[in-house]
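>>> give the three-dimensional model of this entry:
(one chain, ligands or ions: 1)
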Amino acid sequence: MADTFAVDSLSLNAVAHVDETKGHDETGNGSAELPYQTAARALQVHGDGAKILVWKAAAAGTDEVSAYVPISGAALKKAVKKVAELEKKAKKQAEQASEQAAKDKAAAEERERVLEAAKAIVLTEDPALPAAQKIKIRNGVENRGKRVKVSGWVHRLRVQGKNMTFIILRDGTGYLQCVLTDTLCQTFDALTLTLESTVTVYGVINELPEGKTAPDNHELTVDYWECIGKAPGGEEAMSNKVNENSDPSVKYDLRHLVLREEKASGILKVRSQVMKAFRDHFDNRGFTEVTPPAMVQTSVEGGSTLFELNYYNEKAYLTQSSQLYLETCLPSLGDVYCLAESFRAEKSHTRRHLSEYTHCEAEMAFISFNDLLEQLEEMVCDVIDRTLAHKPSADIIYKLNPGFKKPERPFLRMDYTEAIQYLKDNNIKKEDGTFYEVGEDIPEAPERAMTDKINRPIFLCRFPAEIKSFYMKRCPENNALTESVDVLMPGVGEIVGGSMRISDLEELMAAYTREGLDPNPYYWFTEQRKYGTSEHGGFGLGVERYIAWLLNLHTVRDACLYPRFTGRAFP
Ligand code: 4AD
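Alright, predicted model coming up:
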């Protein structure tokens, strides 16, 4: 009757103590100090011959004393019955477990047998069939009805009985449903196929009959296929390593696998079109694209966010902005732009800050501040139109951001001083409860609160000189302000920073002094004012922020291939 519980110091068939309130069947051992909770347990452990003593608490207000007393006849009978019940139950459970084990063993043996037999099934391509033409999935529609060959990764897999298996194949250009029937789905490779394995399928793509759905509304009926590389299943399966619910840090560690998911790859596809749209926009307007250096020896946006590097034992930095280089191109190339990486050693660990980001910067000569604003608005909107004109990108945009609406033009134009007033009027305050005053920088949180409340793109203009960069031109009407602009978008905040640039040599020299900058390393920039100056201006747009706005992403990190931010420069 005894089972595996420890009995400790108390020997079997001795006295067993039971206390219904303080005892414990699992941790008790039957001693007066560690009693059991039930008499059934005492019988189970110590056998029928045990003398069972039950704790009896004295009734209140009597002379009785609390003590262990011999179990009553009725209670003992009940306990014996309970033990019988428990034994019956345990026996049944053991029988069930052994039945299941036998079933599992038989199933494993059967699978072994089927797999062994499957090894004998060798597929061959029917030489009587027309030669298959190699295609990419995106070209499926125009190749319907012909025999084709498609290679890709098993994105989804559904086995339907012994004679039918469905594969959703992914090749980076789209998704294709493939159906394998009869011997095609009974080979060893078919039976052991896993998600993310690579295969080449041969067959004919046919439109699906009404009522059935699959990507592009068609399906490839496979007549021959090959497994190229099998991905692991079980513990090592990709879906077990990372999935939607994984911790963000795991997702970034395994970004190479995450990129295979529909959302992540969809974002990158839209990103590619957005980059193309920027290039087409500028190309269409006669701008020349240039490729400025990433390793530099001057700062653009202040020293605090510079990444320093040892450049052949000289101090150098990763560029914060290509603006100064673009300015030098104006006399030779006219209007110029670049789509290049900028680097910021950001202290801010926010969802809109990266350490490395793609910066779309443009510079134009002989323009006014108003021309600059017009060009900016035109660019933001034209890039949306161009991206939406690409149907696959439009589909992804509306899937990820169903509420997306093209912004209304003209954008709201608001001066910095008006923004300070807006914050006051709308009770948007600093953490210490005071209001922002003219001359103070408007940080991310209040700027976002204002932008989200106004809920349309804002051109925030004419910031005070002391909170902006050294190169910015002063407003002719107010020398304390600059001809500067930040473009603010609902949900993301600032996506563009731009300005007119100081065109006068003396004024620029004074600006270096005021900012405590040594003008010597900037000689090449300064000389733009010496060898034929011009009124000019430009801007820089953070591509990841633009995409985050377009696709309503929570963070700019998801708009990058491999994001770089505080503490992460891998993989
Ligand atoms: O406002 P910023 O610092 O302006 C400049 O760098 C100018 N020199 C650009 C120019 O006039 N050619 O940066 C411009 C834009 C910001 O509005 C933002 O979209 C993006 O660059 N940006 C960042 N994006 C992601 N992570 C960061 N750490 C960023 N810092 C700036």
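
>>> in space, what's closest to the residue of the stretch 151-300 of the chain found nearest the ligand - neighbours in sequence excluded?
Residue nearest to the ligand within the stretch 151-300 of the chain: Val300 (5.1 Å; C-beta to the nearest ligand atom). Every C-beta, even on glycine, is put in place using the N, C-alpha and C of the backbone. Leaving aside its sequence neighbours, Val300 sits nearest to Ser321 (C-beta to C-beta, 6 or more residues apart in numbering; 4.3 Å).

>>> count the neighbours of the one you found for me.
23 (other C-beta atoms under 10 Å).

>>> ok, it to Gly303 distance?
Separation of Ser321 from Gly303 (C-beta to C-beta, to the nearest Å): 13 Å.

>>> residue of the stretch 1-150 of the chain with the smallest distance to the ligand?
Distances between the stretch 1-150 of the chain and the ligand by C-beta to the nearest ligand atom are smallest at Arg138, namely 31.4 Å.

>>> the closest residue to that residue other than its chain neighbours in helix, strand or coil?
In space, and not counting its chain neighbours, Arg138 is closest to Thr173: 3.7 Å by C-beta to C-beta, 6+ apart. Following DSSP: H, G, I helix; E, B strand; the rest coil, the label given to Thr173 is coil.

>>> before we move on, what about Val270?
On the three-state scheme (three-state DSSP), Val270 is labelled helix.

>>> and it, what does it touch?
When contacts are counted by C-beta atoms under 8 Å, 6 or more residues apart in numbering, Val270 touches 387, 393, 396-397, 547, 550-551.

>>> so which of the residues you listed is the closest to the ligand?
Using C-beta to the nearest ligand atom, the contacts of Val270 come closest to the ligand at Ile547, 10.8 Å.

>>> show me the strands in the stretch 451-571 of the chain, by range?
Per DSSP state E, counting those that start in this stretch, the stretch 451-571 of the chain carries strands over the ranges 458-461, 474-475, 478-482, 484-489, 493-500, 536-542.

>>> and the shortest one, what does it pack against?
By that I understand strand 474-475. strand 478-482 (3 or more C-beta pairs under 8 Å, 6 or more residues apart in numbering; DSSP states H and E).

>>> and the angle from the strand it packs on to strand 493-500?
Here strand 478-482 points in a direction 140 degrees away from that of strand 493-500 (axes from the mean of the first three to the mean of the last three C-alpha atoms, to 10 degrees).

>>> could you list the buried residues of strand 478-482?
By neighbour count on 16 or more other C-beta atoms under 10 Å, the buried set for strand 478-482 is 481-482.

>>> pLDDT averaged over it - what is it?
Regarding strand 478-482, the rounded mean pLDDT is 95.

>>> so who does the residue in the chain sticking out farthest from the centre touch?
Each residue of the chain has a distance to the centre, and by C-alpha atoms, centre = their mean the biggest one is for Asp63: 73.2 Å. For Asp63, no contacting residues are found, by C-beta under 8 Å, 6+ apart.

>>> which SS state does it fall under?
coil.

>>> quick check: residues of the stretch 151-300 of the chain near the ligand?
Proximity of the stretch 151-300 of the chain to the ligand is confined to Val300 under the rule C-beta under 6 Å from any ligand atom.

>>> low-confidence stretches in the stretch 151-300 of the chain?
For the stretch 151-300 of the chain, no stretch has pLDDT under 70.

>>> mind checking pLDDT for the residue of the stretch 1-150 of the chain closest to the ligand?
96.

>>> how many neighbours does it have?
Neighbour count for Arg138, taken as other C-beta under 10 Å: 15.

>>> make sure Ile396 is indeed in a helix.
Yes. Assessed with three-state DSSP, Ile396 lies in a helix.

>>> residues near the nearest residue to it once chain neighbours are set aside, how many?
Among residues not flanking Ile396 along the chain, Gly266 sits closest, at 4.3 Å (C-beta to C-beta, 6+ apart). Look at Gly266: counted by other C-beta under 10 Å, it has 18 neighbours.

>>> which other helices and strands contact whichever helix or strand Ala102 is part of?
Here Ala102, judged by DSSP states H and E, is contained in helix 73-119. Under the contact criterion of 3+ C-beta pairs under 8 Å, 6+ apart, helix 73-119 touches helix 39-46, strand 51-56, helix 188-191.

>>> which other residues reach the second one?
This means strand 51-56. Identification of contacts with strand 51-56 by C-beta under 8 Å, 6+ apart yields 14-23, 32, 35, 39, 42-43, 66-72, 75-76, 79.

>>> adjacent strands (with direction) for it?
The pairing partners recorded for strand 51-56 under DSSP bridges are strand 15-18 (parallel), strand 67-70 (antiparallel).

>>> one step back: list the contacts of the residue nearest to Ile396.
396, 399-400.

>>> element containing it?
Residue-wise, Gly266 maps onto helix 262-284 under DSSP H and E.

>>> let's see which of the contacts of Val270 end up in helices.
With helices taken from DSSP state H, the overlap with the contacts of Val270 comprises 387, 393, 396-397, 547, 550-551.

>>> nearest to Lys315, of those residues?
Within the ones in helices among the contacts of Val270, proximity to Lys315 (C-beta to C-beta) peaks at Ile547, which comes in at 33.6 Å.

>>> right, I'll leave it there.
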